[in-house]
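K.L.:
quick one: sequence plus predicted model below, questions after.
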Amino acid sequence: MTSDIGPAKPGSSSRDVEEPDETAPLLGLTLAPIEKINPLGKEVTLLTAFMLNVGQIAGSGIYAVPGVILNSVGSIGLLLIYWLVAPLFAFAGLMLYSELASMFPHRSGAEVVYLEQAYPRPRFLVSTSFAVITILTSFSASNAIVFAQYFLTALQIPITAYSQTVKSNHAYIGWHNAFNVLGEVRGRDPVRTVRKASILSLSAASILFFFINVAYVAAVPAEEIRNSGQLVAVLFFQRVFGQSFGTKIFPLLVALSCFGNIIAVTVGQARIIREVARQGLLPYPSFFASTKPFGTPLGPVALKAFLTVIVILAVPARDTFNFVLDLASYPNLIFQAAMVAGVWILRKRRAEQGIPPSSLQARNALIIAYLTSCILLLVLPWVPPEPGHADVSFWYATYCVAGLALIAACGVYYVIWVIVLPKLGGYEIVEEEEDS
């Protein structure tokens, strides 16, 4: 197997290995070099990218979220409006990702690459913060527990406090999963392949999700949906297909969908963690960037599995689990907003260096719409919910404060690692390419 170009690490020099294309003038901003021969291969096709997106979008959201949303918004009409409006913001984000991907068409990892390039100063700050947040929030506990809950329902095993599930706070998350494997896409134009797959998968999911919700509200009384928690699909199956078939066969299919989500998410996030390692921002970067011995990033997969198990075992109650999932989402929304602003920074920098605009440049109106959605998702959680509509029993905005504290902790870690320790130790952090 051809070995990959290894991660960046502390050393004495930096080496530019980008291909001589339109990204060349931005070389000084790159932490991790492009791999001229991808050790993960070029096996991703249009169908593969489509299935990666669908696998993550479907997951547990459409089976678990409607009851929680109806309990929050209070009416069937608003529930259906949600499923009409949410895809519009997702499509806006898709156009943004397409433009960013076209700037760096040979790099997997999506956000980690775009943030690295948009915010090179202060040196390592954004990359380090994103690396820490990515590692700490890379668990798949939500879908693992939804999988377990529907599986237990099919087997008619009582669900205890230790097997409670949790809502998804963004039902369409996953439309950008294929961008994480951009460096593995087969063909002459990987960006357009991934963009097409993302448009097809998001369109299919949007149409199906809306009509699935119409079916839910047509078959199940609104009050039962409100009280269903994450088991609205079970109620639907029971009413449409009968008690026996609806409580045994169909919950197994939902569990299978959740399992597929875990696989799709693992594929994408393993690439993100590997790219973080290639930047030299993880301990033992060579281990986490390696694809040996199976031709897959085994280190990131093992790390993700470990964190998932820890979260599942450490969280005994529904409230605590809701808190953990929301905590994972909130800091990532901050990075999403930063990435939106980053596209304007990259446009300006490229224009100053004489690089023509991207052929997939997104309209500013779409970028503003996506930025607005990020800001709303950051601000609205601070608004007090109506009595009885909170999803936790303690203070509703606790996870917002904790998420901001986590971002602040990343800043403290950065100051210690990049500023304090080098001064005390009399050394300097620089970058060099490490062959593995």
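P.N.:
Nice, thanks for sending it over. Numbers count the residues shown, from 1 in each chain.

K.L.:
burial of residue 337, as a residue count?
P.N.:
Look at residue 337: counted by other Cβ atoms under 10 Å, it has 18 neighbours. C-beta coordinates here come from the backbone N, C-alpha and C atoms, glycine included.

K.L.:
report the separation between it and residue 343.
P.N.:
11 Å (Cβ to Cβ, to the nearest Å).

K.L.:
now the strands for this structure?
P.N.:
5-9, 432-435 (DSSP state E).

K.L.:
comparing those strands, which yields the minimum mean pLDDT?
P.N.:
Ranked by mean pLDDT, the strands of the chain bottom out at strand 5-9, which scores a mean of 41.

K.L.:
who are the contact partners of the closest residue to residue 123 other than its chain neighbours?
P.N.:
Nearest non-adjacent residue to residue 123, counting by Cβ to Cβ, 6 or more residues apart in numbering: residue 418, 7.1 Å away. Neighbouring residues of residue 418 by Cβ atoms under 8 Å, 6 or more residues apart in numbering: 122, 123, 124, 125, 128, 429.

K.L.:
closest to residue 293 among these?
P.N.:
residue 128 (29.8 Å; Cβ to Cβ).

K.L.:
and that closest one, what does it touch?
P.N.:
Applying Cβ under 8 Å, 6+ apart to residue 128 gives the contacts 281, 410, 413, 414, 417, 418.

K.L.:
who wins for neighbours among these?
P.N.:
residue 281 (26 neighbours).

K.L.:
so it makes contact with residue 124?
P.N.:
Yes - counting by Cβ atoms under 8 Å, residue 281 does reach residue 124; the two are 7.5 Å apart.

K.L.:
could you list the low-pLDDT ranges of the stretch 101-250 of the chain?
P.N.:
Residues of the stretch 101-250 of the chain meeting the criterion pLDDT under 70: 138-172, 229-230, 246.

K.L.:
and the helices in it, which stretches?
P.N.:
111-118, 125-136, 141-154, 190-219, 222-226, 232-241, 243-278 (DSSP state H, counting those that start in this stretch).

K.L.:
swap in the stretch 251-400 of the chain?
P.N.:
285-289, 298-314, 318-352, 364-379, 398-414.

K.L.:
per-residue pLDDT of residue 18, please?
P.N.:
36.

K.L.:
thinking again about what came up before, could you dump the helices of the stretch 101-250 of the chain to a markdown table with distance to residue 307?
P.N.:
Output for the helices of the stretch 101-250 of the chain, formatted as a markdown table (distance: least, Cβ to Cβ, whole Å):
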| stretch | distance to residue 307 |
| --- | --- |
| helix 111-118 | 17 |
| helix 125-136 | 8 |
| helix 141-154 | 8 |
| helix 190-219 | 26 |
| helix 222-226 | 33 |
| helix 232-241 | 27 |
| helix 243-278 | 10 |
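
K.L.:
which one of those helices lies closest to residue 84?
P.N.:
Using Cβ to Cβ and comparing the helices of the stretch 101-250 of the chain, the one that lies nearest residue 84 is helix 190-219, at 6.4 Å.

K.L.:
closest one of the contacts of residue 418 to residue 68?
P.N.:
Of all the contacts of residue 418, residue 68 sits closest to residue 128, with 34.3 Å by Cβ to Cβ.

K.L.:
could you measure from that closest one over to residue 411?
P.N.:
9 Å.

K.L.:
can you check residue 204 too?
P.N.:
Distance from residue 204 to residue 411, by Cβ to Cβ: 41 Å.

K.L.:
okay, now residue 108: neighbour count?
P.N.:
If we define neighbours as other Cβ under 10 Å, then residue 108 has 27 of them.

K.L.:
again with residue 280
P.N.:
24.

K.L.:
which residues touch residue 385?
P.N.:
So residue 385 contacts 72, 396 (Cβ under 8 Å, 6+ apart).

K.L.:
meant to ask about residue 184
P.N.:
Residues near residue 184 by Cβ under 8 Å, 6+ apart: 38, 40, 41, 42, 43, 44, 108.

K.L.:
the second one: how many residues sit nearby?
P.N.:
Read it as residue 40. Neighbour tally, residue 40, other Cβ under 10 Å: 19.

K.L.:
can you check the first one too?
P.N.:
For residue 38, the neighbour count with other Cβ under 10 Å is 19.

K.L.:
distance of it from residue 100?
P.N.:
Counting by Cβ to Cβ - residue 38 and residue 100 are separated by 19 Å.

K.L.:
again with the second one
P.N.:
Taking Cβ to Cβ as the measure, residue 40 and residue 100 are separated by 21 Å.

K.L.:
now the fourth one
P.N.:
Relative to residue 100, residue 42 is positioned 21 Å away (criterion: Cβ to Cβ).

K.L.:
compare the two (neighbour count), which wins?
P.N.:
Using other Cβ under 10 Å as the criterion, residue 42 and residue 100 rank with residue 100 on top: 26 against 13.

K.L.:
the more buried one contacts residue 114, doesn't it?
P.N.:
Yes - with contacts counted by Cβ under 8 Å, residue 100 reaches residue 114, the gap being 4.6 Å.

K.L.:
between the two, which contacts overlap?
P.N.:
The overlap between the contact sets of residue 100 and residue 114 (Cβ under 8 Å, 6+ apart) consists of 339, 342, 343, 346.

K.L.:
for the third one, give me its contacts.
P.N.:
The neighbourhood of residue 343, defined by Cβ under 8 Å, 6+ apart, consists of 96, 99, 100, 114, 118, 362, 367.

K.L.:
not counting residues beside it along the chain, what's closest to residue 250?
P.N.:
residue 237 (4.1 Å).

K.L.:
pull the number of nearby residues for the one you found.
P.N.:
By the criterion of other Cβ under 10 Å, residue 237 has 24 neighbours.
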